[in-house]
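> Please work out how this folds:
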Amino acid sequence: MTQVSNVKVEYGDFQTPLELTERICQKLVELGISPNVIIEPTCGIGNFIKASATLFKQTEKIIGLEINPNYLEEIGKDDLLSKDKRIQTRQEDFFDFDWLSLTEEINKTILVLGNFPWVTNSYQGAIGGRNLPQKENFQHHRGLDAITGKSNFDISEWMTIQTIQSLHNRDACLAMLCKTSVSRKILNHIQSHKLNLAYCAIYRIDAKKYFGVAVDACLLFCKFDSNSKNYFCDVFNSLEEIKFYRIGYQNNILIRDLKSFDRLSDLYEPKSGAKWRSGIKHDCSSVMEFRKIDNAFVNGLGEIVDLEETYLFPLVKGSDVAQNRTEIIRRYVLVTQRSIGESTELIGDVAPKTWRYLETHAEYLDARKSKIYQGNPRFSIFGVGTYTFSPWKVAICGLYKKLDFRLLEKFEAKPIIFDDTVYFLSFDDEKSAYQAFKLLTSPLAIEFYSSLIFWDEKRPIKTSILNSLNLSVLSERLSSSS
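Just a heads-up that it's a prediction; the model follows:
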């Protein structure tokens, strides 16, 4: 990415087309929104201001804030904007701005609208960007969640939350373009902090058409007041769509389709007997994974290696599971431990060639950046336990946007190992595995899971969702209906 485009990304410099700002303002008018004061926190070249001035004739004041003085100068040259005495623009840095003071001095109805930067704080760091809040784990993730990336967040998420903090207890509305995944995080923040919310809606937009990016995006609309706590959100497929489905909270979790979930809520049990696990995490495929070619093992570096088969196991990746390529297995993986934290020194005694191989490739393994390897035995892996070595498994890939479960048995007398994009249940016998597979592929199970899964997420299928289905209750329900 060039330096120019880095600056563009850092400041979220993707101007919202006038066509879209006008359509959004028209939608707000259709919803009966008639604010006394409109605020755009990052107004850019002023397209939202222009649309607001045109469509909200009764609005008394329109305030535009912008960090880039060149854009403010451009707004000043616009005949329509310069002649409208309601419009006030000023140079401000959102991250230093006192939002609470501004909103508190306005004793009338407020509408905050706009389009915050669609970039994460980690990406800002990668490009050396400084247009972000002071670094902190503001969602208060702990342990592995903080280490492995759950503390990463979209800048727009942080900015929207700061804005809502100053609006939620008064007569105010928010209309903000954002990623659809961010809109749900905003709803989660409002619910978890018990902020006031009168109504919430998501209107999907065509980000490819308006911004040239392949992102699932939307207009997030929130209406606030001084007492309502309506923690649900109506989802429309476009700004023109009338039909919607409702997402909201049940059992303190966000449900994708409340209507479907209510019909199947007896199947929900977050502490059910089934325990889905994720596959192995080693973060060094070039050394730890192999292809078997003419009875020889070749690693990702192109080296033919001579290893004992003691620690080598057949490997099935998430793409193989998703595309049902599990009959013939040509990949293998080194499994250096049978449980997390187990000493790896035994490898030297049991399989000296394998230990020598690990030592000669230690520069790759020791360079693994994840903090989870720090303080653990050398050549450690994660996502391993007794369940890893069960002969029968039911598996699904968490990355693909479909509920395709696979039933797999051991291969060449060895248990199949999955990578960490796969989730699986383990079984000691074929009968139990087949019964679980039959239940999981039933229409009721698919409908239940579909009511919980948000398919636009990077990894839509999660263990928390998979584990929430009570297979015993499902079995009883299917038996009674047959």
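> Helices of the stretch 351-482 of the chain, residue ranges please.
Under the criterion DSSP state H, counting those that start in this stretch, the stretch 351-482 of the chain contains helices at 352-360, 362-365, 430-440, 443-450, 463-466, 471-481.
> Could you tell me the angle between the third one and helix 443-450?
Between helix 430-440 and helix 443-450, the angle formed by their directions is 70 degrees, by axes from the mean of the first three to the mean of the last three Cα atoms, to 10 degrees.
> Minimum distance to residue 90: which of the helices of the stretch 351-482 of the chain has it?
Residue 90 lies closest, by Cβ to Cβ, to one member of the helices of the stretch 351-482 of the chain: helix 463-466, at 45.1 Å. Placement of C-beta: from N, CA and C, glycine included.
> which strands and helices sit next to that closest one?
Helices and strands touching helix 463-466, by 3 or more Cβ pairs under 8 Å, 6 or more residues apart in numbering; DSSP states H and E: there are none.
> So for it, what gets flagged as buried?
465, 466 (16 or more other Cβ atoms under 10 Å).
> And stretch 69-88, by the same measure?
71, 72, 75, 81, 86, 87.
> out of the helices of the stretch 351-482 of the chain, nearest to residue 246?
helix 443-450 (14.7 Å).
> Only C-alpha atoms, please: export that closest one in CSV.
Output of helix 443-450 as CSV, limited to C-alpha atoms (Å, rounded to 0.1, in the frame of the first residue of the first chain):
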residue,chain,number,x,y,z
PRO,A,443,-33.6,-29.7,9.8
LEU,A,444,-34.3,-28.7,13.4
ALA,A,445,-30.7,-28.5,14.3
ILE,A,446,-29.9,-26.5,11.2
GLU,A,447,-32.7,-24.1,11.9
PHE,A,448,-31.6,-23.7,15.5
TYR,A,449,-28.1,-22.9,14.6
SER,A,450,-29.2,-20.6,11.8
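> what does that helix contact?
256-257, 260-261, 264, 267-268, 403, 439, 461, 465-466, 469, 474, 477-478 (Cβ atoms under 8 Å, 6 or more residues apart in numbering).
> As a markdown table, the helices of the stretch 351-482 of the chain with mean pLDDT and distance to residue 21 would be great.
Below are those laid out as a markdown table (pLDDT from 0 to 100; distance: least, Cβ to Cβ, whole Å):
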| stretch | mean pLDDT | distance to residue 21 |
| --- | --- | --- |
| helix 352-360 | 98 | 58 |
| helix 362-365 | 96 | 50 |
| helix 430-440 | 97 | 46 |
| helix 443-450 | 97 | 34 |
| helix 463-466 | 94 | 37 |
| helix 471-481 | 92 | 48 |
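> Which among these is found nearest to residue 275?
Closest among these, using Cβ to Cβ: helix 463-466, at 8.7 Å.
> Please enumerate residues in contact with that closest one?
With Cβ under 8 Å, 6+ apart, helix 463-466 has contacts from 270, 274, 276, 277, 278, 396, 423, 449, 452, 453.
> From those, which shows the smallest pLDDT?
Lowest pLDDT within the contacts of helix 463-466 is found at residue 274 (77).
> surely that one meets residue 425?
Yes. Between residue 274 and residue 425 a contact is recorded at 5.9 Å, counting by Cβ atoms under 8 Å.
> For these two, list the residues in contact with both.
Joint contacts of residue 274 and residue 425 (Cβ under 8 Å, 6+ apart) are residue 436.
> Which of those two has more residues huddled nearby?
residue 425 (24 against 17; other Cβ atoms under 10 Å).
> give me the number of residues near residue 417?
25.
> Just want to check the distance between residue 237 and residue 251.
27 Å (Cβ to Cβ, to the nearest Å).
> ok, these two, which is more surrounded?
residue 237 (14 against 11).
> residues in contact with that one?
204, 243.
> Tell me how far it lies from residue 244.
In terms of Cβ to Cβ, residue 237 sits 8 Å off from residue 244.
> low-confidence ranges in the protein?
Within the chain, the stretches with pLDDT under 70 are 1-14, 119-153, 482.
> go with 90
1-15, 75-83, 95-107, 117-155, 250-253, 270-274, 294-295, 327-328, 456-458, 480-482 (pLDDT under 90).
> what's the domain layout of it?
3-255, 277-428 (automatic domain parsing).
> Export those domains to TSV and append columns for distance to residue 435.
Converted to TSV, the domains of the chain look like this (distance: least, Cβ to Cβ, whole Å):
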stretch	distance to residue 435
domain 3-255	27
domain 277-428	9
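> quick one: which of the ones you listed is nearest residue 457?
Among those, the nearest to residue 457 by Cβ to Cβ is domain 3-255 (5.8 Å).
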